[in-house]
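Q: the sequence isn't on hand, but the structure is:
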Ligand code: FAD
């Protein structure tokens, strides 16, 4: 029986997040001939983004717009999503494994009594069998999971930066369907969103992350890391020790109790490599560690290690990359 896949797209600052295109691709990889691919845009003024979702493979795009949906609110977004589900009747829901996806996906799964597989990094399909790969124990192991009942609804979240999106085709058209927002009476509302980080590049989706630890020693100590990240077009992250010490915002924390990142290059500066930090970055494609202690555990997971003082090494790297990339 043909299935309908519904991808819950996510936008920030008026732009679709890259993980939305990756989730569309994940749904394509899970589907077979005859299946259909739809997407949903929830948010005030989000309809303008529909064309891009069509270019990346969505055939139908459901749009729920309302002033109440300007900022993410669990109850409001769930209510909008359930209104779309009532119209579309999807068999499978795909989300980015982002803060929003991690919140909304289980709410949707519970509402639909659906099974959920989270933090998926790869999908293999053979006939009717779809197998989802997800990392465990800070990337030290992976597990392969499948839904036991193909007829029951699925909910999947997709880890950013792991499944390459399809090549966009700007000539693709999609059917646009407006869905009325049910405007529930909310138990909580967002009064104000105070942005703590000004970085233009989203840490979770950055291709290059330059991260600082306690070895950075101060808020000013992050300056050379910011310069390196700017030259490389990357984002700046941090260890919890650096956040706890007040050198940077908690929004930058990477690890077990922070963000999980899977960039192509992760540059750890003055970070010892505690297991809780590795939980957030060990699946990075290439890890470069800069630490003045040759015995630091970070070197055990690093592909390249530089034993030295970060305040000497980082500016040298910035200078060389600036010349190379000029
Ligand atoms: P340190 O371990 O103090 O290491 C600093 C490193 O900097 C040292 O290796 C030192 O040699 C090096 N260094 C110093 N000066 C220089 C210099 N000038 N140049 C080069 N190198 C230098 N941590 C996280 O990061 N993320 C988490 O999400 C997280 N969650 C946690 C959850 C729990 C429940 C617990 C108990 C802990 C958690 N932690 C987390 C904390 C974790 O255990 C470590 O304490 C923390 O990661 C250490 O941070 P660090 O490597 O920056 O500091």
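A: Cool, the structure landed. Everything numeric here is computed off the predicted structure, so don't read it as measured data. Numbering: from 1, shown residues only.
Q: stretch 42-49: how far from the chain's middle?
A: 20 Å (CA atoms, centre = their mean, to the nearest Å).
Q: avg pLDDT for that stretch?
A: Taken as a whole, stretch 42-49 has a mean pLDDT of 94.
Q: ditto for stretch 293-302
A: For stretch 293-302, the mean pLDDT works out to 97.
Q: what's the answer for stretch 138-150, then?
A: 87.
Q: pretty sure residue 2 sits against residue 89.
A: No - taking contacts as CB atoms under 8 Å, residue 2 lies outside contact range of residue 89: 11.7 Å. Bear in mind the C-beta positions are built from the backbone N, C-alpha and C, glycine included.
Q: could you pull out the strands in the stretch 51-200 of the chain for me?
A: 60-64, 92-96, 115-120, 122-126, 129-136, 141-145, 154-158, 175-178 (DSSP state E, counting those that start in this stretch).
Q: turn the ones you listed into CSV, columns for mean neighbour count and distance to the ligand.
A: CSV is the format used below for the strands of the stretch 51-200 of the chain (neighbours: other CB atoms under 10 Å; distance: least, CB to the nearest ligand atom, whole Å):
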stretch, mean neighbour count, distance to the ligand
strand 60-64, 23, 34
strand 92-96, 27, 20
strand 115-120, 19, 16
strand 122-126, 14, 24
strand 129-136, 17, 16
strand 141-145, 12, 19
strand 154-158, 28, 19
strand 175-178, 13, 41
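Q: in JSON lines, list these along with distance to residue 34.
A: Listed next are the strands of the stretch 51-200 of the chain as JSON lines, based on distance: least, CB to CB, whole Å:
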{"stretch": "strand 60-64", "distance to residue 34": "15"}
{"stretch": "strand 92-96", "distance to residue 34": "14"}
{"stretch": "strand 115-120", "distance to residue 34": "22"}
{"stretch": "strand 122-126", "distance to residue 34": "14"}
{"stretch": "strand 129-136", "distance to residue 34": "15"}
{"stretch": "strand 141-145", "distance to residue 34": "24"}
{"stretch": "strand 154-158", "distance to residue 34": "17"}
{"stretch": "strand 175-178", "distance to residue 34": "17"}
